[in-house]
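Participant: generate a structure from the sequence data that follows.
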Amino acid sequence: MEDAETNNDTVHPEVRAHINSLVSALGGYSIDETDGYKLGDDALEVLRDLKKWIRFYDEKTNRMDVARCLAEANLVGSDLLHILATWPQNDNNSKYKARIALACLEVMVPLTWPIEKDRETMTLNHHRHMPVLQLAQLGYKRAIINFDAIPILNTAVRVALPSMALPNGDRSARDQGIIKLVLYFLRNIAVIAPPPGIKYDGDETQISRSALIDAFSYQDVLHVLLTIASNMGEDFRTEDVVVMEIIFHLVKRVDSRNLFVSENQLHRIKADKLRAAMDKEDAMLTSYRKNAPTRHSRFGTMIWVKRESGKLSTVSGQDALLDAATRERKMDSSKNFKPPRRARKEDMEPKDLGPPVSLDERARQQLQSFVSDFLDSGFNPLFSHVRKSLDREAPHVLDYHHGQFYYLVAWFLEAERMRRKANKDSRQPSTGDNVGSFNLVAEVLNQEMFITMNRALDRAYGDKDWRLLTTIMRCFTQILLTVQEMSDSGDEENEEIANNILSRLFYEETTHDAITNIVRSYKDQGFEYLDASTELTHTFLRILEAYSKQNADLQVRSRKRTRRKKKAAKPAEDQGGDEDQADAEEDDSADDARQVEKISQERKFDFKRFATRFIPQGVVDTFVAFAKYYRDLDDSQLKRAHRYFYRVAIKQEMCVMLFRLDIIHLFYNMIKGPEPLDKNSSMYKEWEELSKQIIKRCVRKLDERPALFAELLFSKINSTAHYLEYGYEKQTISSNPRPAAEIEFKREVERDQQIAIVVGVLLDRNQTDHLEWIKKQLSEAESERRAWENVEKALAAEKLDGEAADEPAEGSAEKAAPHATMSPDNDARRAAMFKNPHLRLLMKLVGMERLAPTLDETPDSIWIIPGTITADALKETVSLINSAEFTPATFEDGELAEDQFRRKSAPRKRAAYDDDNNNNNNNDDDSEASENDMLFPAGGPTARKRTAEDEPPPTKNKKRLHRRRRNNKDGDGSEQEGEEEDGEAEARARARRKKELEKARKVKSEMYVDLREDDSDWEGNREQDKVFFARELERQAVKDASFGGLLLTTGGGGGGGKPSGVESADWEGLLLGVGGGEEEEADEGGEGDEGEGEKRARKGRKRKSDAAALAEGSEDEDGGTGDGESGSSSADETSASRPSKRRKPAQKKMKQVVDISSDEEDEDGDADDMDVDPIESTQSSSRDGAVTNDTPLSSSPGRTAKAAAETPVDKGDGNDEDDDMPVAKAAGRARPRARAGFIVESSDEE
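Facilitator: Sure, this is the predicted structure:
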C-alpha cells in the first residue's frame, strides 16, 4: 500500500491508467475539421471493455472509481455523443453502426443511473465520488438534450425500433433487453435533476423541466411513450413500470389545474398570485411597523417589571414601553428553553418530488397535448396493467413504484377534471365525450382498483410508511371528487354508475375506520401528511353526507369480534336418539366454552352516528395543527378547516371539545391577533363569525359549569365532554351487568371485629350514608321482629290451658318469623347494593341475604333479613355498628382497614368433556345410565383434564382366555354351568351398581355442611353417631361370621372356600396360620414335619389381614360363595392327594398357564386344541402375557376368575367345552400383573 502522504489521488493509479488507455483507444478527432470524429480500430471491443470495467469493478466491489475516471475523462461529451452522431438518421441498413450505438448506450446507461444514498452500504469512496458524479450527471443531461449535431434521444429510440417492431411472442431475450435498455436510458435522463445540497455552475434552464419536455417532444420520445402505453398488455408487458416512471418524472410537481387553461387565464392567475403575495407582504410590514424602531432607538432603554410574586425582571428595548402584552411577549422570547434532543426526522415530501415546477408556455402546451393524448389512448391500458403487476408482486416491481402509481392516478384524474371543466367553459366538446363520458379513466374506478387501494392503505398505515400513505390519500380524494363530478354531470347513465361506485366505496365499514384512524393518528408526520389527511376527511364526509341523504336505506357491512357460546349439553332424557346424542357430544367436546370469531353483518347506516367518530380530541388536534398554518393556507384549505370546526361546534353541538386555551387563543389570533388573516380573503368573514360564536359559547358555558375553568387546560375525553355539555355523567346501561367482585378477610377474626373493619372502610371512604341506611333497616326489622315474637308468646300462653297445649307449643317453636325486606331509599343506594363490595360484605355480615339466591343477581334483586334471626341478634348487630363508628379498628404497621381484604377467588368451572353425557358401555339398563347422570355436578373438588386413561376401552374383538381346568370332562355341564354363572354375575353386578348409586346419592345429599354440626349436643349429631356405631358393629359381625365360616369350611375338607388361582399350599398355610393350631396342619398333610408347620403358621399370621380382606371381598361380590366353582372344586380335590411338604420358592411363584388362541386355531376345533405342544403353549403365553402388564389392576380380585369362567370360547365345530392345557414352566417370560393370585386382563373389567 502506498503512503497516503505521497499519493493524494482518490482513485488507484493503475485503475486510472487502464481507463485512460481505453478512452484513448476508443477514437478521436481527425486533423481535418471536415472529417469529424474517427473511431478506433477496436472501438466496439473498447466499448465492451469499458462496460465490463463498470460492471465487474464498480458494481461488484461497490466502488465508483471507474465512473469517476470516466467523468474526469469526459467520455460522454467528448466521445460517445460524437460516435452516435456518426450514425445518420436515414441510414437504417448499417448493422455495424447500430451495434456501435447499442454499445454506447450500454456504457451511458450505468453512467447516468440515479445515485441513491444508502447509509448502510455507503463507504468512504461513495462520500468522495458522489458529489462529483452528481455534477457529472448534470453535465451528461445537458449535453444529451442540447446536442446540436443529432437528436441523441431519437437515436437511442432508433436502436430499439427493430426489436419493438417484432411481435411480443417472437422477441428474444436480447430484444427484450434492448427495449428495456433504451427505456432505462430515457428514464435516467428524466430523473437527473440538480441535487438540493449542491450548487450547479451552469445554466439551469438547459436542464430544467421545460427543456426536458421540449427535447422529448421535439425528438418524438413522447410519441414512443404513447405508443408503448396504448399497447401495454398486448405488445409490451414487463415495460409497464418503466414507462410509468418516465411519465412520473415528466409531470411530477406540475400543477394540473393550470395545464388546461388558456394563456389569458393563466396570466390572470399569475397576476392574482402576485397580488396576494404583495398583500401578504404589506400585512407583515404593517404588523412590523407597530413595533418598529424609531429615530430614538439609539438611546438605550431598560425597565423593571414587577411580577405577581413580587420578583423583579429586567426588560431592555423601547418596544417594552408600548403595552403590557408586548412586554410579556418580550419576556417570553428572552427565556432560554432547551427542548430534548430528538432524532432528526426525514422530510415528509413524497419521494423524488422536489420543489414545485414552473413551465414556460411552450413546454406547457407540449405537456398539455401529451396529457390529452395519453388520457384518450394510454391511461386505461397502462394503469390497468401496472395495477395487476402490483397485485401479483411481479419481480420487476420495486417498492417506490407503488407511490408513483397512486401519485400518477391522482394527478391524471385531476387533470381530466380540469380538462372537462375547461372544455365546458369554452363550450368545446371534449374528445372523451365522443367515446363515453368517463370511460377514459374507468380502469381506476372499478372494484379491483378499490380493493388494491384499500389494501395498500391498510398496509402503509400498519407499516407507518407515511410517504406512501400520503400519496394514497391524495389518490383516494381524487377518486371521490371524480365520482362526485360523475353524479353531478346530468347524464343518467353516469349518475347510475356514480351511485354504484359510491355504494361500493361506502359499503365496507373498514374504510370508514381507516379514515378515522388516519386523521386521528397525526402526530408529527409533516405538513404534507396533515394536508392530505384533512383533505380526505373533508371530502369523504361531505360526499358521504350527501349520498346518505339521497339513499336513506344505505347499508354498510361491519366486521366485528363476537363471542359465540357453544351449545349446552342436553339431558339424557331430552335426546331423541343415538345420532342426536353423538352430535351433542361432538359439540361439547372442546375444553373452552367460548369461541371468538369475526362475523360480517349488514346494518343500516346512520350518518349522524358516524360523524360523531370525528369529534374525539385526536381529530380536533389534527385540524387545530392544520389551522395553525393559516398564514400560509389558501382559500380552499381555510374553507376545509372552517367546515370541520363548524360541524363540530354547530351541527354536532359539541362545542365543548373546542374549549381549550390554545384553541381559543388560536381563534382569537386569527381575527384579532398580531398577525391576523388577510381581510381581503374570501374566508375572513366566515372565520370571524365562527370565532365569535365559539368564544361567546365558551364564556356562557363557564358561567353554567364552573368546572370548565379547570378543564380549559386539558383535552376532553368523551365522559368529560358529556358532563360539561349536559351537566351530568353519561349513563351507560349494560345488557348483562355483573355484581361487584366478592371480597374476604385476609385473616380469620371474630364477627364483631369483621364488622368493625368493614365499618372503618366505609368511614374512610366517606360513605356514612350507607351505615345510616343499614342501621335504619336493622332497627325497623328489630322492632317488627320483637312485636311478632311478643304476639307469638301471648298466643302460646293463651293455649296452655287447653287439651292440645303441647302440640301448639311445638308448632310455635318450629315456626319461623316472616322475613323483612330491604328497601333502598334511592337509585344510588340500589346501585351501591349491587356494585359496592364493602357494603355488600357488611350486608352479609349482619345477616342479610337475597330472596332468590339461585337466580342470577341483578340491580333489582331483593335483599331480605331472614326470619331465623331474632330481635336480640339484630339489636346486638346495631350496637356493634355503633361501637365501630365511635371506636374504629386500629392495625399494626400503619395498615389501613382496606388492607385487610383480598379478592375472593371465583370457583373454577369444570370443562365440558366428551364423556360427560356418555353412559357406561357395560350398562345394559337405560334407567341406570340416566341415574348415573344425576350424580356429582360439574365443578366438584377435583376438576381435571381428561387423559388417555379415562377413555373407554375400544370396542373390538378381545382375545379370549382359555382357563386351565382340572377334572372337567362333561362339556354339556360346563356350558350349562357357564350360562348359570352369567345370570348370577349379571344379577350381582346390577345389585352392586344399585348399592354404589345409593351410596353416591347419600354423599351428594350431604354435600353441604350444616352449621349446627359443630355443636356436639345437637340431636342430629347424636342420631348420626348412633347410626354410625350400629353400622360398624353390624359390619364387624358379618366379617367375623364370614371369616369363621371360611375357617370351618376349610377345616372340614370342603374345597369351596379357596379362591381360584391361589396355590393350595399357600392357602392351607394361610388358614393354618390364622387358626393357630397344629391339629389342622396334621390333618392336611400327615407327612409334614413340625418345623415346617411352624414356618407356615408364622407366615399365616403375617398374612392375616390379607385373608380377612379377601373374605370380605368375596362376601360383598359373590354372596359368600366360592368364586369359580368348577375350577376351585377341581383344584381342591387335587389338593387332598398332594404331599404336605412346602414347595420351593421357584415352584411357589408359578402361575396358571393361559393360552390366547388366535382365530385360526379356534377354527380347527377341539381336537387341534387338545394337541398343543407344551413349549409352543409356553411361548404363546409369554408373548400374550406381556400385554397384561399394561392393564390396570382389577378392583375385585374375586371377579377375575369368574370373568374367565364366563368368557365364551371360540366355536370351532359347535362345541363350547374348555380345553385342559398342560402345565408348563413359563421360563423367561415377563411376570403378568397379578393380585392375590389372579392374572389381570383388560377383558376382566367392566
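
Participant: W788 versus the closest residue to Y140 other than its chain neighbours, what's the distance?
Facilitator: Nearest non-adjacent residue to Y140, counting by CB to CB, 6 or more residues apart in numbering: V76, 5.0 Å away. For glycine as for every other residue, the C-beta is placed from the backbone atoms N, C-alpha and C. Taking CB to CB, to the nearest Å as the measure, V76 and W788 are separated by 115 Å.

Participant: between the two, who's got more neighbours?
Facilitator: A count of neighbours by other CB atoms under 10 Å puts V76 above the other of V76 and W788, at 24 against 15.

Participant: give the contact list for the more buried one.
Facilitator: V76 is in contact with 70, 108, 111, 139-140, 143-144, counting by CB atoms under 8 Å, 6 or more residues apart in numbering.

Participant: and with 7 Å instead?
Facilitator: V76 is in contact with 108, 111, 140, 143, counting by CB atoms under 7 Å, 6 or more residues apart in numbering.

Participant: what about the third one, how many residues nearby?
Facilitator: Other residues near Y140 number 25, with proximity taken as other CB under 10 Å.

Participant: my read is it is in a strand, agree?
Facilitator: No: read with DSSP: H, G, I helix; E, B strand; the rest coil, Y140 is helix and lies in no strand.

Participant: in this structure it contacts T112, no?
Facilitator: Yes: with contacts counted by CB atoms under 7 Å, Y140 reaches T112, the gap being 5.5 Å.

Participant: backbone phi and psi for Q318, please?
Facilitator: In terms of degrees, to the nearest 10, the main-chain angles of Q318 are phi -70, psi -20.

Participant: so how many other residues sit close to it?
Facilitator: 15.

Participant: roughly how far apart are the closest residue to it other than its chain neighbours and S334?
Facilitator: Using CB to CB, 6+ apart and skipping the chain neighbours, the partner closest in space to Q318 is T301 (4.7 Å). Using CB to CB, T301 is found at 15 Å from S334.

Participant: burial check on Y728, number of neighbours?
Facilitator: 8.

Participant: any idea which element it lies in?
Facilitator: Under the criterion DSSP states H and E, no helix or strand holds Y728.

Participant: quick check: it vs K608, distance?
Facilitator: Distance from Y728 to K608, by CB to CB: 22 Å.

Participant: next: F450.
Facilitator: 26 Å.

Participant: have a look at those two and say which one is more surrounded.
Facilitator: Shown here are F450 and K608; by other CB under 10 Å, F450 has more neighbours (19 against 10).

Participant: output the contacting helices and strands for the one helix or strand that one maps to.
Facilitator: Assigned by DSSP H and E, F450 belongs to helix 447-463. Packed against helix 447-463, as judged by 3 or more CB pairs under 7 Å, 6 or more residues apart in numbering; DSSP states H and E, are the following elements: helix 379-391, helix 466-487, helix 492-507, helix 509-520.

Participant: residues contacting the spatially closest residue to M130 that is not a sequence neighbour?
Facilitator: Leaving out its chain neighbours, the residue that sits closest to M130 by CB to CB, 6+ apart is I115, at 6.1 Å. I115 sits next to 130, 133-134 when contact means CB under 7 Å, 6+ apart.

Participant: likewise for L226?
Facilitator: Contacts of L226 (CB under 7 Å, 6+ apart): 373-374, 377-378.

Participant: I'd like the residues you listed as CSV, with pLDDT and distance to A820 appended.
Facilitator: Formatted as CSV, these follow (pLDDT from 0 to 100; distance: CB to CB, whole Å):
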residue, pLDDT, distance to A820
D373, 93, 94
F374, 94, 89
S377, 91, 92
G378, 91, 89
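
Participant: and these, which of them are buried?
Facilitator: 373-374, 377-378 (16 or more other CB atoms under 10 Å).

Participant: which among those gets closest to T622?
Facilitator: Comparing these against T622 with CB to CB places F374 closest, at 35.8 Å.

Participant: how about that closest one, secondary structure?
Facilitator: helix.

Participant: excluding its backbone neighbours, what's nearest it?
Facilitator: F374 sits nearest to L226 (CB to CB, 6+ apart), 6.1 Å away.

Participant: alpha carbons only: can I get the helix or strand containing that neighbour in CSV?
Facilitator: Using DSSP H and E, L226 maps to helix 221-230. C-alpha atoms of helix 221-230 as CSV (Å, rounded to 0.1, in the frame of the first residue of the first chain):
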residue,chain,number,x,y,z
VAL,A,221,-40.0,10.5,-27.4
LEU,A,222,-43.5,11.4,-26.2
HIS,A,223,-45.0,9.6,-29.2
VAL,A,224,-43.0,6.5,-28.4
LEU,A,225,-44.3,6.6,-24.8
LEU,A,226,-47.8,6.9,-26.0
THR,A,227,-47.4,4.0,-28.4
ILE,A,228,-46.0,1.7,-25.7
ALA,A,229,-48.6,2.8,-23.2
SER,A,230,-51.5,2.3,-25.5
